[in-house]
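Engineer: Coordinates for the following, if possible.
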Amino acid sequence: MGINHAHNEAQACCLSSRFDPSLPRDSCHGGDGGGEWPRVPATQVVGADGEMDGAAMERFEAAAGLASRGLSYAVVSIFGPQGSGKSTLLNRLFGTSFTEMDALKGRNQTTKGMWVAKAVVIEPFTVVMDLEGTDGRERGEDDTAFEKQSALFALAVSDIVMINLWCHDIGREQAANRPLLKTIFEVLMRLFSPRKTTLLLVIRDKTKTPVEYLAQALTEDIQKIWDSVHKPEVFKEASLSDFFNVDVTALSSYEEKEELFKEQVGELRHRFINSIAPSGLAADRRGVIPASAFCISAMQIWKVIQENKDLNLPAHKVMVATVRCEEIADERLRCFMSDEGWLELEAAAKSGPVTGFGTKLSAIVDFYLSEYDMETMYFDESVGTVKRQQLESDILHHTYPAFETVMKHLHCTVLNKFKSDLEQSLRSGGRFAATARYCAQSSLVEFEVGCRDAVVKHVDWDGTSIRNKLQQHVEVHTESVRSAKLDELKATYEKKLLDALSGPVQSILETGERNSWASIRRLYRRETENAILRFLNSLSEYELDQTVSSQMVFELREHARCTVEKKAREEAGNVLMRMKERFSTVLSRDKDSMPRTWTANEDIRAITREARLAALRLMSVMAALRLDDKQDKIDRALMISLLDGGPLSQKRSIEFTSDPLASSTWQEVSPKDTLITPVQCKSIWRQFKAETEYPVAQAISMQEAHRRSSNWLPPAWTILLLAILGFNELMFLLRNPVYILGLFLGFVLSYAVCLQYDITAYFRHGTVSGLLTISSSLLPTIMEIVTAIVNMSHNKKHSSHMSRQAGPHHAQSFSNQTRKHAQVHCHASPYSASSSSSVDSNSDNES
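Structural biologist: Numbering: from 1, shown residues only. Below is the predicted model of the structure:
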């Protein structure tokens, strides 16, 4: 039975000194430590009236730091007769500060209710509980009920329960707490989940009787109490050691042998160090709760005990049936949850669809329900039936997520198959409405088959919600595909209309003819009607409502109109550039599209007016959108208002009462169809005229230049007059040849200089600028020409001298002369090169 005795050898005092440096080293050898280490204030958690103070429990937990200990803590409690020295023992043993009885004032009740404190010299963290003493005269007849409740509470929450016994009470019935222990043993197993508890029997005021005999007697008494306890069926064969470790220790009298008492308490203290270690007092404890939940657990246990005053439990038969059926049901539920077949089925359900899910799950559930029926057949039938229903409900509740997962997989599988079938059928050329209807019906039939395969026979799980969800998703996907197909179809026809209208409309607008909009209207109507006919034919396979079809046709027609309007607005935005291009074309080319030569016969004024008229008609075409067969006066208004000086402007007062361009709208034209407002036309025309003045002025200049170039000789009378007036000068020159030679040389020199300059370019920027440019470079140019002539003369002399020398040197002299001549030309400027060339040619002519 694992009974230990108090005569174990004392350990070294340094062990306790590790945990409390204030503890003297000689306290292990006879000292009790009283007053030798700091006392920890004790907290009353259950008052004398039996009410637990939850706030006090929480304060103790916070002050002691219990919540952070995890599972590394132990609970020690003590109960026994009143005045047996329980508080004194705890204070000497754990360094607590429980109130002790003052023997000089008489023997009366000191501890009332229950008190807790923290042991200061013990590791691990130890909670010490001091219970009110039993068999006290203060409580009277109500003493038995409270002592049973407090003792039951101590056994339920403690790892080690110390029972204080007077040595001379061993063998007695009441004094040794035999009835109390019997009641506690019986109720503890029924009211709480049994836990392994260490019962430490402390014999006080030990006599000369050896401890071994006293321990044997106590052990036999406890075993008899255990054997006499009425146990539930499940614990029929359980032994005392399954629930309790019984240990016995003895202490001498505190009053008569104080030093020996202190020494024995010091030895006992070492047994509480590392009490939860594998070799400690509470090594076999079970069902330990975390330290953070200790206070809540203790309050709940006390509440249950209080509600069962005097421990009045239900009838034995019903109680046993309730406890046992619950245990069997819990056990069957745990076995089901760990069943390999169920775990495999659950894993398969998570990974994908499971064939025969309902049949397999029903078989597993039937197996565990039949086992429950076999084990509960001898218990109360009504209790067994209720617990069976609860077990079945718990199992089905546990399996329902798997059923939902199977249904979700089925839903996804069927939906994906529907999507795939619909896509393949449409690719094969099927008509959309018929194909979608057939695929949807096939998918719902497939879902119904899978749903029947997944249902469990024990419960009528309804798959209607998932079926409705599937049907909704099928409809949503069908509508999504239909919308995508319709959008694609619509985009295709819109693209075709864009290609059919955009380019031609731009080309027609660029011509600027009077019938441009008539041509655009014919093009627009022809292409739009053809596209709508083909579009309606394509829509027939979707079986759309007439309203939807009409709306889509209307949108396609609007798209065609918007295409024309967009292109017209783009061209209207570039109207000034187009007008200038048209003006330039008419002005610079003739009717045969050949470049125009501005001869004297060309009427620039008429041509300019014709070019401006063409540009004005282009602006008239782009001024408004004319897709409706409505007549307007835009062309007349522009010509009358903008063509100044023509016969049309004289009719303004006849056709228009005011300036037709002094407005933001055109007459008989809707504002939404207006591309260029009258005011904008007027502004554009002013800018156009300003930017086209230069080509006209240039044409006039070219015509004047051509006229001057055609008449380079002076008139005949001028020539005759010069001959008569210059006769004497001519005869003077003929009589003096030197003047003729000088004039000839001056002519040659002037010709050479003219070859060096671009006279026309110099005088392009003005006469003064040209004269200044020529005068600044005239002298250097003349010097270069003279230098080139001198060098050429010197080269000729040198060449004739070298020709008189020996023949072998002729080739070398010729190469040297060539090289020198090349160097002269390389070092000379382009002007000097030209001058030398001119001079050479003149020399040759003279020779």
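
Engineer: List the buried residues in the helix or strand harbouring V365.
Structural biologist: If you go by DSSP states H and E, V365 is part of helix 357-375. Within helix 357-375, the residues scored as buried using 16 or more other CB atoms under 10 Å are 357-358, 360-362, 364-365, 367-369, 372, 375. C-beta here means a position set from N, CA and C on the backbone, and glycine is covered the same way.

Engineer: which residues touch that helix?
Structural biologist: Helix 357-375 is contacted from outside by 328-329, 332-333, 335-336, 339, 341-342, 345, 349, 354, 388, 391-392, 395-396, 399, 402-403, 406, 452-458, using CB atoms under 8 Å, 6 or more residues apart in numbering.

Engineer: And the helices in the stretch 601-750 of the chain?
Structural biologist: Counting by DSSP state H, counting those that start in this stretch, the stretch 601-750 of the chain has helices at residues 604-622, 634-642, 652-655, 678-710, 716-725, 727-735, 737-756.

Engineer: Buried by neighbour count: which residues of the first one qualify?
Structural biologist: Neighbour-count burial for helix 604-622, counted by 16+ other CB under 10 Å, picks out 604, 607-608, 611-622.

Engineer: can you pull out the helices in the stretch 451-600 of the chain?
Structural biologist: 464-511, 516-539, 546-573, 575-588.

Engineer: what helices or strands is the longest one leaning on?
Structural biologist: Spelled out, it's helix 464-511. Other elements packing on helix 464-511 under the criterion 3 or more CB pairs under 8 Å, 6 or more residues apart in numbering; DSSP states H and E are helix 381-427, helix 432-454, helix 516-539, helix 546-573.

Engineer: And the shortest one, by the same measure?
Structural biologist: Of the remaining helices and strands, those touching helix 575-588 by 3+ CB pairs under 8 Å, 6+ apart are helix 604-622, helix 678-710.

Engineer: So for E570, what's the pLDDT?
Structural biologist: Per-residue confidence at E570 stands at 90 (pLDDT).

Engineer: Can you name the residues that contact it?
Structural biologist: So E570 contacts Q506 (CB under 8 Å, 6+ apart).

Engineer: If any of the contacts of helix 357-375 are buried, put those into a ChimeraX selection.
Structural biologist: Here is the ChimeraX command that selects the buried residues among the contacts of helix 357-375 (16+ other CB under 10 Å):
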select :328,329,332,333,336,342,345,349,354,388,391,392,395,396,399,402,403,406,453,454,455,456,458
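
Engineer: which outside residues touch stretch 429-444?
Structural biologist: By CB under 8 Å, 6+ apart, stretch 429-444 touches 414-415, 417-418, 421-422, 425-426, 467, 470-471, 474-475, 478, 481-482, 485, 541-543.

Engineer: Check the gap between the spatially closest residue to R59 that is not a sequence neighbour and V128 for me.
Structural biologist: Leaving aside its chain neighbours, R59 sits nearest to T43 (6.7 Å; criterion: CB to CB, 6 or more residues apart in numbering). Noted for T43: a distance of 11 Å to V128, by CB to CB, to the nearest Å.

Engineer: Check D659 too.
Structural biologist: 113 Å.

Engineer: Between those two, which has more neighbouring residues?
Structural biologist: V128 (29 against 13; other CB atoms under 10 Å).

Engineer: The one helix or strand that one maps to: what's the following helix or strand?
Structural biologist: In this structure, V128 sits in strand 125-131 according to DSSP H and E. Using DSSP H and E, the next helix or strand after strand 125-131 towards the C-terminus is helix 143-157.

Engineer: List the buried residues in that following helix.
Structural biologist: Neighbour counts over helix 143-157 (16+ other CB under 10 Å) mark 143-144, 146-157 as buried.
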